[in-house]
Every structure is written in C-alpha cells, then in structure tokens.
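J.: Have a look at this fold, sequence not included:
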C-alpha cells in the first residue's frame, strides 16, 4: 500500500505541501541558477532593491566602502601574465571574514533543546531576549503542553576544547506565552533555575529583525538545530534560500534546501551574518497528482518502506516562517493578561533598538569566557 499524504492526518503538512507543489517551478529555477552562478536573476526587483539597500546601510555602519571596484588588496589593473592564479568563481564573491566562525559559535549558544519531561518528544528553540524562547506552535501548542517540557542549553559535543556544560531551564507560560497556529510559532518564558551557574542572560539571544532585505534567493543559509533530539548540530553545506515572495497568500513563508531531522522543529535559520531570517517548521515531501508520497527513485513509496527506510522519502524543500511576518503577528496579537502584553511590547522595543542583534550575540561572549 502506497503512503498517501492525506492518510497522515497532518493538516499543517498538507497545507505546506500544497504551497510547495504550486511553486516547484520557482524552486527548481533557483536551483538551476545556483549551479549556473546566476541566482540573483531569480529574485524580484522589489526584493533585490530591499536587499541592496540594506547591504549598503550595513556596509556604512561597519565602516566598509560601498563599491564594486577591486579592494585595496588587488591591483587596479589586471596583470594578464598572472591570469589563472586566482579568481572569484561565479557571479558572486563568496569570501567571508574569519569572524564568521566566531559569530556562529556565539549564535549557537542561545539555541537549545526542548524536551518533554518523559523524554517522548523533542524540538529546538532559541532565546530571543528577556528570558523568552521561540519555537514552533506544534512543539509547544498550549500553556499546558509547555509546562510538560523543559529547555536545555549547552547540549553539545566538544572533543578538542572545553566541554560545554549543560543548563536546564523549566518553562513558565504564566509569565509569558504566545502561540500562533497559523504561523506555527510559539514564544514562552523560561526560568533560570540556577543563576549561580552561568546566568541565562550570558547565553546571548537573537533579535528578530522586521526589516526585509536580510537575504535574497540563492543565498546560503545556516541552520542550528537538535536533530533527533541529539546534541546540537549545524548544517552549512548545500543550503540555499530557494524561494520567497511578497503579496501572495504564502508571503509568510520561505523555502530552502539544507538537512533537518525530527527534533529540528523550531530551529533558527540564519543568513551569512547570523541574523535569523526564518524559523524552521517543516520538511515538505514530494508527491504526485494522486497524493502519493514519492521515494527518491521517483516512484510512490509504500508505508512499509517509509517505516523501515525513512531516508528513502524524497523531499522538495524545507519550509520556514519569515521573521518579518512573526514580528508583524506578535505586534498585532491580543492578550487577555496585561503583563503578557507589557512583555510583548518590551520585547518588540528591544528587537527594534539600534544594534540589537550585535548586543544579543555579544552577551554570549560572557558565557564563553565563563567556561
């Protein structure tokens, strides 16, 4: 018996699959452009203008020159006798400053594992400031469910440096809880049970940036996650933003390549500046017109094969919720508890303050120094 999408009784997955199926042409167009080195041509003019404007603003704030000319390390004129010694391959410059790795380590400190108290279910979440974590609605769908989980930071392996200590926080929805089933997003407060050990605010946090232009189609993305509920992992290979759009019924979402597994729900999706551009929530299986889920051989996969060899299921893309849409939804949310609304307002103000993202990453430096 073949595995039917409808037989899974997962409305969230069905809707996501419909969104992806209607955009397969765009996703494949971007994949082809990435291989050809022409990915910038696949994005809309509107989004490219937003991206270019933001990159120019960031370059100014960081003291960099805005120019397409060679850098001070290159000759003004090309010495053709040295042709072939070095070159930028493709249409974009993929050179990154070495601090990319250091920023990534600090960005990872605030990402943790969400675990059910009975160890039955796992997810990923990350600190977003003021003792709050963000994850998916399907990970923590209600205040009652939230109380049945805890949040663990520092669940990592390190065989060549100092072993990262683990910090466990209980979840406190009474202090703050907000969830959107439509967006599949939840934000909830956690409790620093042992502030004498590394204080929670020393793990850093991530500001959600409402302004668009953080990434364009074809750009690399990085996902920090707890796949299968195991130690923290990061995917940095074969990952690109495949599609994003404005002004449609799917403007809240974006699609990208990159490996994730069960337990990765709620993971932050980063651009090359380690800014959160989306929150991962679902991998979308490939289906045919009859609703059969396909295997990697292109044929409908049976239930028995899918159970024994889940790695044989073919996937179209991963889907995430855009940060700009999360900020909009949180701002528009109605709260029955006044103190929840006050915390929401304070959080939004913190995210929008100048230099918020860098302050959040800088806070994680204190955790690193304490180890």
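T.: Cool, the structure landed. Small disclaimer: the values here were computed from a predicted structure and weren't measured.

J.: In this structure, which helix is the longest?
T.: Looking across the chain with DSSP state H, the single longest helix is helix 45-61.

J.: so after it, what's the next helix or strand?
T.: helix 99-109 (DSSP states H and E).

J.: hmm, who's touching that next one?
T.: 153-154, 156, 203-204, 206, 222, 224, 232, 234, 268, 270, 272-274, 361-362, 364-365, 367-368 (CB atoms under 8 Å, 6 or more residues apart in numbering). Yep, even glycine has a C-beta here, placed from its N, CA and C like the rest.

J.: Of these, which count as buried by neighbour count?
T.: The neighbour-count criterion (16 or more other CB atoms under 10 Å) marks 153-154, 156, 203-204, 206, 222, 224, 232, 234, 268, 270, 272-274, 361, 364, 367-368 among those as buried.

J.: Please narrow these to those residing in strands.
T.: Among the buried ones among the contacts of helix 99-109, DSSP state E puts 153, 222, 224, 234, 268, 270 in strands.

J.: excluding its backbone neighbours, what's nearest the last one?
T.: Yep, that's residue 270 we're talking about. Sequence neighbours aside, residue 222 is the residue nearest to residue 270 in space, at 4.5 Å (criterion: CB to CB, 6 or more residues apart in numbering).

J.: That neighbour against residue 274, yeah?
T.: Yes - checked against CB atoms under 8 Å, the pair residue 222 and residue 274 is within contact range at 7.4 Å.

J.: The residue nearest to residue 270 and residue 94, how far apart?
T.: Residue 222 is 14 Å from residue 94, where distance means CB to CB, to the nearest Å.

J.: What of residue 18?
T.: From residue 18 to residue 94 the distance is 34 Å (CB to CB).

J.: Distance-wise, check residue 268 relative to residue 112.
T.: From residue 268 to residue 112 the distance is 11 Å (CB to CB).

J.: Common neighbours of those two, please.
T.: Counting by CB under 8 Å, 6+ apart, the shared contacts of residue 268 and residue 112 are residue 126.

J.: coming back round to it: identify the residues contacting the residue nearest to residue 270.
T.: 104, 234-236, 239, 269-272, 274.

J.: Mean confidence (pLDDT) on the lengthiest strand in the chain, please.
T.: The single longest strand within the chain, with elements called by DSSP E, is strand 276-285. What strand 276-285 shows for mean pLDDT is 96.

J.: Show me what that strand packs onto, helices and strands only.
T.: Strand 276-285 is packed against helix 11-21, strand 253-256, strand 268-270, strand 315-322, helix 323-332, with contacts defined by 3 or more CB pairs under 8 Å, 6 or more residues apart in numbering; DSSP states H and E.

J.: do you know how far the residue nearest to residue 173 when sequence neighbours are not counted is from residue 348?
T.: Closest residue in space to residue 173, ignoring its immediate chain neighbours: residue 143 at 3.9 Å, by CB to CB, 6+ apart. Distance of residue 143 to residue 348, given as CB to CB: 21 Å.

J.: before we move on, what about residue 30?
T.: Taking CB to CB, one finds residue 30 at 32 Å from residue 348.

J.: and what of residue 200?
T.: 20 Å.

J.: Residue 271 now?
T.: 21 Å.

J.: same check, this time on residue 189
T.: Distance from residue 189 to residue 348, by CB to CB: 16 Å.

J.: Over to residue 178?
T.: Counting by CB to CB, the gap from residue 178 to residue 348 is 12 Å.

J.: neighbour-wise, which of the two wins?
T.: residue 178 (21 against 15; other CB atoms under 10 Å).

J.: Now for residue 178 and residue 348: what residues contact both?
T.: By CB under 8 Å, 6+ apart, residue 178 and residue 348 have these common neighbours: residue 330.

J.: Spit out the contact partners of the nearest residue to residue 356 once chain neighbours are set aside.
T.: Spatial nearest neighbour of residue 356, excluding adjacent residues (CB to CB, 6+ apart): residue 207 at 3.8 Å. Counting by CB under 8 Å, 6+ apart, residue 207 makes contact with 128-129, 276, 350-351, 356-357, 359-360.

J.: same check, this time on residue 252
T.: Here residue 252 is in contact with 182-183, 321-322, 325 (CB under 8 Å, 6+ apart).

J.: Out of those, flag the one nearest to residue 340.
T.: Among the contacts of residue 252, residue 183 lies closest to residue 340 (CB to CB), at 17.4 Å.

J.: who's the residue nearest the centre of the chain bridged to?
T.: Against the mean C-alpha coordinate of the chain, by CA atoms, centre = their mean, the closest residue is residue 269 at 1.5 Å. Note on residue 269: beta-bridge partners by DSSP bridges are residue 223, residue 278.

J.: from what I can see it touches residue 256, true?
T.: Yes - between residue 269 and residue 256 there is a contact at 6.7 Å, judged by CB under 8 Å.

J.: who touches both of these two?
T.: With CB under 8 Å, 6+ apart, residue 269 and residue 256 have common neighbours 221, 278, 320.
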